[in-house]
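# Provided below for reference: sequence and predicted model.
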Amino acid sequence: MILGTGVDMIEVARVQKAIERNPRFVDKVFSPLEITYCEGKKNHFQHLAARFAAKEAFIKALGRGVPWTSVEVVNLPSGQPTLSVRDGKDYGFSRAHVSLTHLADHAIAVVVLER
Ligand SMILES: CC(C)(COP(=O)(O)OP(=O)(O)OC[C@H]1O[C@@H](n2cnc3c(N)ncnc32)[C@H](O)[C@@H]1OP(=O)(O)O)[C@@H](O)C(=O)NCCC(=O)NCCS
């Protein structure tokens, strides 16, 4: 059964500015795996913005706020993104689905939670 769905769109420049203003923003919001993945990409702010959108979409799907680093986006070898719980807590879902897209200006994420 579907527990919840969430969608979020964000301006890439907003995330870029937040990082440039406060370099600690990256470690506060993203996991080491997410940072390593995005730093390996040419347009890394787009990839970071997509992951920020995924965390907001996750919060919408769940119906309540959680710390930014509670979940992380991990890409399969195919490139397909997955969403994993990092903090070991039981958020009441058994499976999370995530899809990301990003252009120069905007990034979008959709999350569906099942239980
Ligand atoms: C995967 C694909 C749909 C991405 O679309 P795009 O328009 O290039 O880029 P978008 O901005 O819309 O999406 C990028 C996101 O797609 C997601 N993505 C990548 N590969 C994916 C896959 N196989 N399945 C689902 N999502 C995928 C990733 O989350 C990626 O963002 P990230 O790198 O920050 O995690 C596109 O590369 C494609 O059509 N590939 C088809 C060819 C193919 O299957 N190649 C691999 C097998 S040889």
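Arrived safely, thanks for sending.
# drop to CA atoms for contacts and neighbour counts, all remaining ones
Noted.
# tell me the residues of this protein that contact the ligand?
47, 78-81, 99-103 (C-alpha under 6 Å from any ligand atom).
# the same query, at a cut-off of 5 Å, please.
Proximity of the chain to the ligand, by C-alpha under 5 Å from any ligand atom, involves residues 47, 78-81, 100-102.
# okay if I get those as a markdown table plus distance to residue 16, secondary structure and pLDDT?
Converted to a markdown table, the residues of the chain next to the ligand look like this (distance: C-alpha to C-alpha, whole Å; DSSP: H, G, I helix; E, B strand; the rest coil; pLDDT from 0 to 100):
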| residue | distance to residue 16 | secondary structure | pLDDT |
| --- | --- | --- | --- |
| 47 | 11 | helix | 98 |
| 78 | 27 | coil | 98 |
| 79 | 23 | coil | 98 |
| 80 | 24 | coil | 98 |
| 81 | 21 | strand | 98 |
| 100 | 18 | strand | 98 |
| 101 | 17 | strand | 98 |
| 102 | 14 | strand | 98 |
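# just the buried ones from the residues you listed?
47, 81, 100-102 (16 or more other C-alpha atoms under 10 Å).
# of those residues, closest to residue 32?
Nearest to residue 32 among those is residue 47, at 13.8 Å by C-alpha to C-alpha.
# quick one: contacts for the closest one?
38, 41, 102, 107 (C-alpha atoms under 8 Å, 6 or more residues apart in numbering).
# list the contacts for the third one?
Residues in contact with residue 102, defined by C-alpha under 8 Å, 6+ apart, are 46-47, 50, 108.
# before we move on, the earlier item: now for the residues of the chain next to the ligand, which pair is the farthest apart?
Between any two of those (C-alpha to C-alpha), the greatest distance is 17.4 Å, for 78 and 102.
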